[in-house]
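K.L.:
Based on what follows, work out the 3D shape:
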Amino acid sequence: MTLIITGADVERLLTMGECIEAMEIAFKDFAKGVAVNRPRVRYLAQHPDADKRYWANIHVGASPTAGIACVRAGSQIKQMNPPGSARNSRNENPRPFNWGLVILYSIATAEPLALMHEFELSGMRVGATTGAAVDHAAAAEASVLGLFGSGKQARTALEAVTAVRPIERVHVFSPSAEHRDAFAASFGKRNFEVIAVDDPKQVVAGANVVCCATSSAIPVFEGDWLEDGQMVVSIANSDVNHKRHEVDRRVFERAHTILINDWESVTENNQTELTDLFAEGAVERERVIELGDLFTGARGLAQPGEGRDIVYYKNNSGLAIQFAAAGGIIYRKALAEGTCKEIPTEWLGSDLSAYVEAGFRPSP
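P.N.:
Now for the predicted structure:
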């Protein structure tokens, strides 16, 4: 049988700690050449409404350690903003649903093990990857987190960073006072305090880690505000269809180490906010380290130089191995729990028994 795993199942079955551990294993395997990943593909197609587009978001890859190969397929309608808009284009599905699915396949048998809703895991694996990066690159005694954003991605980033560092205080800013106040209040009593601030400079000042988790298409703070020894994280990334980034070029210029998820996505997705700086000579390629190489110890953080005492993690692209590694944990827990809906696996495949009995092994 093939499981149907909902977003509620994901929330119940996967802890942030488990997800952080899964991300570290996935990126280590990727660095060693064990895991397989193709750069994310996004495309826009013409929509009957001239102000909208059909938008697809596709990941494919495999994590042999998890025993899982996967396809993540996101399907949305986008309301397009004018060029140069400060906000990212918004989702406008006619029905209030997210239509993204992750198909989990068994590497051992090639059979589909599960159809999983992607919305909850998508945000969680981004936050967990941030948590793993912070665990390897931020000051061990980091106690103050500066956070830009008050949505789903900001919440998972906060949960991940507080899981790996002894954070005592979080300063959060977003353009909506109502949203940031509600975000701060939603955490209630924890072993850290979340404070909504009115000025973005208050997010950066005194923070050990500055994390951007927004939908902004333009930088949310100025790189010259940064203080020596800080770690900066951003999740916005450009692709061939849309250019957006949450930090300005001064962040790149001031960083002695620039961490990325993978180099292939930088080039395949035309992430010009980084490659243009290489072309100009403003950033040396040697300062860029893939996350898996940091996790395995193949490369370490660069030494601070004159005017460069910042670690910047550009969480530059989603990878299928994130869904495969975390999906494996979720699937095994769901299977053991036995409460998820099931459908016959045979419904998802073509019966080739007659061909096989005749001695043929037809290809797809």
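K.L.:
what about the stretch 51-200 of the chain, any weak spots by pLDDT?
P.N.:
83-88 (pLDDT under 70).
K.L.:
Tell me which stretches of it form helices.
P.N.:
Along the stretch 51-200 of the chain, counting by DSSP state H, counting those that start in this stretch, helices occupy 119-137, 152-164, 177-185.
K.L.:
any chance of those helices in CSV, with mean neighbour count too?
P.N.:
(Glycine included, C-beta is placed from N, CA and C.) Shown next, in CSV, are the helices of the stretch 51-200 of the chain (neighbours: other C-beta atoms under 10 Å):
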stretch, mean neighbour count
helix 119-137, 25
helix 152-164, 23
helix 177-185, 15
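K.L.:
out of those helices, nearest to residue 356?
P.N.:
Nearest to residue 356 among these is helix 119-137; the distance by C-beta to C-beta comes to 35.6 Å.
K.L.:
re earlier: so for residue 316, which of the helices of the stretch 51-200 of the chain sits nearest?
P.N.:
Closest among the helices of the stretch 51-200 of the chain, using C-beta to C-beta: helix 119-137, at 10.6 Å.
K.L.:
For the closest one, name the packing helices and strands.
P.N.:
Judged by 3 or more C-beta pairs under 8 Å, 6 or more residues apart in numbering; DSSP states H and E, the packing partners of helix 119-137 are helix 7-13, helix 16-32, helix 152-164, strand 231-234, strand 255-260, helix 291-296, strand 310-314, helix 320-337.
K.L.:
still on that earlier bit, compile the helices of the stretch 51-200 of the chain into CSV and extend it with columns for distance to residue 331.
P.N.:
What follows is the helices of the stretch 51-200 of the chain, written out as CSV (distance: least, C-beta to C-beta, whole Å):
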stretch, distance to residue 331
helix 119-137, 11
helix 152-164, 20
helix 177-185, 31
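K.L.:
among the ones you listed, which is nearest residue 300?
P.N.:
helix 119-137 (9.6 Å).
K.L.:
returning to what we had before: now the helices and strands packed on helix 119-137 in CSV, please, with extra columns for distance to residue 189.
P.N.:
Shown next, in CSV, are the helices and strands packed on helix 119-137 (distance: least, C-beta to C-beta, whole Å):
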stretch, distance to residue 189
helix 7-13, 21
helix 16-32, 18
helix 152-164, 14
strand 231-234, 26
strand 255-260, 33
helix 291-296, 33
strand 310-314, 30
helix 320-337, 28
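K.L.:
Residue ranges of each domain in this structure, please.
P.N.:
With automatic domain parsing as the criterion, the domains of the chain are listed as 2-121+319-357, 125-314.
K.L.:
Could you look over those domains and pick the most buried one?
P.N.:
Counting by mean count of other C-beta atoms under 10 Å, domain 125-314 has the highest mean neighbour count of these, with a mean of 19.
K.L.:
which residues does the closest residue to residue 36 other than its chain neighbours bridge with?
P.N.:
Distances taken as C-beta to C-beta, 6 or more residues apart in numbering place residue 62 nearest to residue 36, at 4.6 Å, with adjacent residues excluded. Taking DSSP bridges as the rule, residue 62 bridges to residue 36, residue 69.
K.L.:
give me every residue that touches residue 62.
P.N.:
By C-beta atoms under 8 Å, 6 or more residues apart in numbering, residue 62 lies in contact with 35-37, 68-70, 107, 320-321, 324.
K.L.:
one step back: and the domains of the chain as JSON lines, adding distance to residue 363?
P.N.:
Output for those, formatted as JSON lines (distance: least, C-beta to C-beta, whole Å):
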{"stretch": "domain 2-121+319-357", "distance to residue 363": "11"}
{"stretch": "domain 125-314", "distance to residue 363": "27"}
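K.L.:
ok, now which ones touch the residue positioned nearest the centre of the chain?
P.N.:
By C-alpha atoms, centre = their mean, the chain has its centre lying nearest to residue 126, at 2.8 Å. The contact partners of residue 126, by C-beta under 8 Å, 6+ apart, come to 153, 156-157, 235, 315, 318.
K.L.:
if we can go back for a sec, please identify which of the helices and strands packed on helix 119-137 is closest to residue 51.
P.N.:
Judging the helices and strands packed on helix 119-137 by C-beta to C-beta, what sits closest to residue 51 is helix 152-164, at 25.0 Å.
K.L.:
What's the separation between the closest residue to residue 190 other than its chain neighbours and residue 39?
P.N.:
Once flanking residues are discounted, residue 190 sits nearest to residue 162: 7.7 Å by C-beta to C-beta, 6+ apart. Taking C-beta to C-beta, to the nearest Å as the measure, residue 162 falls 31 Å from residue 39.
K.L.:
If anything else comes up later, I'll come back, but that's it for now.
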